[in-house]
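J.: just to be clear, the model below is a prediction. Sequence and coordinates:
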Amino acid sequence: MLEQLLTGFDAALTFGNLAFIAAGVALGIVIGVIPGLGSVTALAVLVPVTFYMQPLAAIAFLVGVNKGGTSGGAVPAILLNAPGTPEAAATALDGHPLARKGQAEKAMKFALFSSVTGDTFSDIVLILVAAPFAVVALQFGPLEFTAVLLFAFALLSGLAGSSPLKGLTAIFLGVFLSTIGLDPIDSTTRMTFGQVQLFDGLPLAAIAIGALALASVTEQLFGLWREGETATDRAAARGDRAANRLPFRTFFGYRKTLLRSAFLGSVVGMLPGLGVSLAAFLSYGAARRASSDPDSFGRGNPEGIVATEAANSAVVGANLVPTIALGIPGNIAAALLIGAFMIHGVVPGPFMMTMHGELIYALFASMLIANVVHLAIGTVGIRLWAHVARVPRGVILPLVIVLCIAGVYLPTQSMFDIGVMLAFAGVGLVMRRTGFSVVCLVIGFLLGGMFETSLRQALLLYKSNMTAVLQSPIALIFLALTLFILVRAFRRG
Amino acid sequence: MTPADAGGETGPAGTTPATDIAAGVLLAILALAALFWIVPAHTETAVGDYDVSPAFFPRLGAGLVLVLAFTLVATGTRRHLAGHRDGRPGRRVLAELLIWSAAATATVIGLQVIGFIATSALVIAGWMLLAGERRWLLIGAAAVAFPLVVDTAAWVFFTVDLP
């Protein structure tokens, strides 16, 4: 394997390939910064661009876009508390409070370094264990997925809000909203009121940007209207050069959290469909539980940023495990990468390693190189983004509203989506003011479809026999953990 | 500093029992409407031979929201009876929601009638003024230049004509 990897490095270390990787990472970061235009949109837009490239350069370029796009989302989350995606909302939980203490640059450094570490970890996992772990992933059927999702809901309810009761309510509200559209099994309409736009369900990007980013922006603008710029705002804008330094020793002090989060992200990434958001919140929860000072989370604890960024970036590499080993995309980004593979004559699946071994190892090498490039470009980028932190919020936040409108319109060119985004900004604003977790609503909506499909498949598969759960140790473990978390949360709350 | 004070996601550190009761009642009404009107009227309720009906999951979601909303009302009432009065009042929420609704409606109408650039200019200027910004040159420059830059970038990079 080492010999093949060295050959891969030999093929990947060309000027052209490095230039494409750098361009991919830079474009990914820039597009990821705009709410609504994460790595998925960036990939969708840029896949056709690669049509005339060499296969390796094309796929390495897209891998760079994916890596840059995933970490770019952390920038608005940290600087403006305006996350465009649910996973970036996890970063905002501690990233923005740290920025408000005048340490925006430090928060972004934590995010970038953790992102690159998580990414590298998952790339190594991909290289070493792609095939064996794909076999493990196959052990997860509908019953196991249902149990994992219930576990995720229980965990989220206690994490993202001030009250587990309100967290659970928001999650199931999101689950209910996810049922609008066509039925996933028999395609009959559900609560569409005859509107064709609702046949595909409510648009996720519009809900996420409206409820997460725009609601937060609006809340801050109303705060400025009532109270004006506070001393905290002025201190945050000034920043403190010394406080923004991040010595390697300080970062390395979080090695346990880094490793745990990268591991969790890799495991979640290897299970098709679970996604980046779940990894980010599972990891955030694990870090908080393991911490000696759990109350400091949500108040600017760097460990929260480390945990979420390492985990969500680890998903990027690990998602390629089922893609390469089984031909099953782990998420939408991986599905787009499969499209790019196929454009260049590479059919993902069990025979990919034997038929295109040289290309795959060159791709592995490119992924590792992309992490170094990501670190270099990201570090330069932080200096640029730090200037944004110095602009008064009263100037920058109205501009974000316009970016949100453009960001939602660009992928679908639909006024309906803009309407949904603005409506959910109002919903998000009320939820934030009344202590309901907006993140829980969005994640409930995001995972609702998957929850329904896996539960209905399980009911079909086991003919609604509830005792079937006893036959699956994996499902049993996750259900027991769900019960434990819920009981503990309600006893505490 | 609480997460809310820090601008975190969790919102206010605490809400008044009255706000919780009002939120619970509102959610319960919405859930009841979904269970007894929206779902039956707009979803296929017949059960298939092998699968649950398409209405099963919406009902499950709405039913769980209803149960949790009642629990919220009960805990809010218990807190109220115990004399808890801390937290933020709910009237502010209503005022902000009204302002936002008006602004959002005007934005949607503006996008359809006068287009992205003009509407964005008004949105930027309006919100900057609301946020207390009074440097007119800065407001004017941002309101004019930023929508133009975004509109041009959307066309150049994505070949999308913004509304």
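T.: Received it, and whenever you're ready, just let me know what you need. Numbering: from 1, shown residues only, chains lettered A, B, ... in the order given.

J.: for B:L129, give its distance to chain A.
T.: 9 Å (Cβ to the nearest Cβ, to the nearest Å). Placement of C-beta: from N, CA and C, glycine included.

J.: what do you get for B:I29?
T.: Applying Cβ to the nearest Cβ to B:I29 and chain A gives a distance of 13 Å.

J.: what about B:G83, neighbour count?
T.: 7 (other Cβ atoms under 10 Å in any protein chain shown).

J.: low-confidence ranges, chain A, go.
T.: The model of chain A has pLDDT under 70 over residues A:1, A:35-38, A:84, A:130-138, A:159-162, A:230-239, A:272-274, A:326-332, A:349-350, A:492-493.

J.: strands of that one, residue ranges please.
T.: Along chain A, counting by DSSP state E, strands occupy A:181-182, A:189-190.

J.: quick one, helices of the stretch 251-400 of chain A?
T.: A:255-270, A:275-290, A:302-318, A:320-326, A:332-343, A:352-355, A:357-390, A:393-412 (DSSP state H, counting those that start in this stretch).

J.: can you tell me which of these comes nearest to A:S296?
T.: helix A:302-318 (8.2 Å; Cβ to Cβ).

J.: show me which residues of the stretch 251-400 of chain A sit near chain B.
T.: A:298-300, A:392-395, A:397-399 (Cβ under 8 Å from any Cβ of the partner chain).

J.: now the residues you listed in JSON lines, with distance to A:L363?
T.: Below are those laid out as JSON lines (distance: Cβ to Cβ, whole Å):
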{"residue": "A:G298", "distance to A:L363": "39"}
{"residue": "A:R299", "distance to A:L363": "41"}
{"residue": "A:G300", "distance to A:L363": "38"}
{"residue": "A:P392", "distance to A:L363": "45"}
{"residue": "A:R393", "distance to A:L363": "42"}
{"residue": "A:G394", "distance to A:L363": "46"}
{"residue": "A:V395", "distance to A:L363": "43"}
{"residue": "A:L397", "distance to A:L363": "41"}
{"residue": "A:P398", "distance to A:L363": "43"}
{"residue": "A:L399", "distance to A:L363": "38"}
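
J.: take those residues and write them to CSV, including neighbour count.
T.: Rendered in CSV, the data for those read as follows (neighbours: other Cβ atoms under 10 Å in any protein chain shown):
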residue, neighbour count
A:G298, 24
A:R299, 20
A:G300, 24
A:P392, 18
A:R393, 26
A:G394, 25
A:V395, 17
A:L397, 24
A:P398, 27
A:L399, 24
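
J.: thinking again about what came up before, and chain B, which of the strands of chain A is closest to it?
T.: strand A:189-190 (4.4 Å; Cβ to the nearest Cβ).

J.: got a list of contacts for the closest one?
T.: A:179-183, A:199, B:39, B:42-44, B:54-55, B:58 (Cβ atoms under 8 Å, 6 or more residues apart in numbering or on different chains).

J.: go with 6 Å
T.: A:179, A:183, B:43, B:54 (Cβ atoms under 6 Å, 6 or more residues apart in numbering or on different chains).

J.: ok, the first one to B:D51 distance?
T.: For A:T179, the distance to B:D51 (Cβ to Cβ, to the nearest Å) stands at 15 Å.

J.: out of those two, which sits in the busier spot?
T.: A:T179 (28 against 16).

J.: and the nearest residue to that one once chain neighbours are set aside, how many neighbours?
T.: Of all residues not flanking A:T179 in the chain, B:P58 sits nearest, at 4.3 Å (Cβ to Cβ, 6 or more residues apart in numbering or on different chains). If you count neighbours by other Cβ under 10 Å, B:P58 ends up with 28.

J.: which SSE is B:P58 in?
T.: Using DSSP states H and E, the element containing B:P58 is helix B:56-81.

J.: picking that back up, nearest to A:A77 among the contacts of strand A:189-190?
T.: Among the contacts of strand A:189-190, and counting by Cβ to Cβ, the member closest to A:A77 is A:T179, at 28.5 Å.

J.: which ones are touching that closest one?
T.: A:T179 sits in contact with A:190, B:57-58, where contact means Cβ under 6 Å, 6+ apart.

J.: export those to JSON lines and append columns for distance to A:F110.
T.: Formatted as JSON lines, the contacts of A:T179 follow (distance: Cβ to Cβ, whole Å):
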{"residue": "A:R190", "distance to A:F110": "43"}
{"residue": "B:F57", "distance to A:F110": "40"}
{"residue": "B:P58", "distance to A:F110": "41"}
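
J.: just name the closest of those residues to A:L459, please.
T.: Once Cβ to Cβ is applied, the member of the contacts of A:T179 that ends up nearest A:L459 is B:F57, at 10.8 Å.

J.: burial measure for that closest one, as a count.
T.: B:F57: 26 neighbours (other Cβ under 10 Å).

J.: same check on A:F153?
T.: 24.

J.: excluding its backbone neighbours, what's nearest it?
T.: Nearest one to A:F153, counting by Cβ to Cβ, 6+ apart, is A:I171 at 5.2 Å.

J.: shouldn't the one you found be in contact with A:F445?
T.: No. Judged on Cβ atoms under 6 Å, A:I171 makes no contact with A:F445 at a distance of 9.0 Å.

J.: the more surrounded of the two?
T.: A:I171 (32 against 27).

J.: how far away is the residue nearest in space to the middle of chain B from B:I109?
T.: The residue lying closest to the centre of chain B (Cα atoms, centre = their mean) is B:L97, at 8.2 Å. According to Cβ to Cβ, B:L97 and B:I109 sit 18 Å apart.

J.: how about A:N244?
T.: 44 Å.

J.: now swap in A:R383 and tell me
T.: 41 Å.

J.: B:M128 now?
T.: Distance from B:M128 to B:I109, by Cβ to Cβ: 21 Å.

J.: give me the low-pLDDT residue ranges for chain B?
T.: Using pLDDT under 70, chain B drops low at B:1-14, B:48-50, B:84-90.

J.: for it, what spans make up the helices?
T.: For chain B, the helices defined by DSSP state H cover B:17-33, B:39-42, B:56-81, B:91-113, B:115-130, B:136-158.

J.: what helices and strands are in contact with the first one?
T.: Which is helix B:17-33. Packing partners of helix B:17-33 (3 or more Cβ pairs under 6 Å, 6 or more residues apart in numbering or on different chains; DSSP states H and E): helix B:56-81.

J.: which other helices and strands contact the helix it packs on?
T.: helix A:164-178, helix B:17-33.

J.: nearest residue to A:F364 other than its sequence neighbours?
T.: Closest to A:F364 by Cβ to Cβ, 6+ apart is A:I127, at 4.9 Å.

J.: I figured the one you found hits A:S366, correct?
T.: No. Using Cβ under 6 Å, A:I127 is not in contact with A:S366; the gap is 11.7 Å.

J.: how about A:I78, what does it touch?
T.: Counted by Cβ under 6 Å, 6+ apart, A:I78 has contacts A:95-96, A:99, A:107-108.
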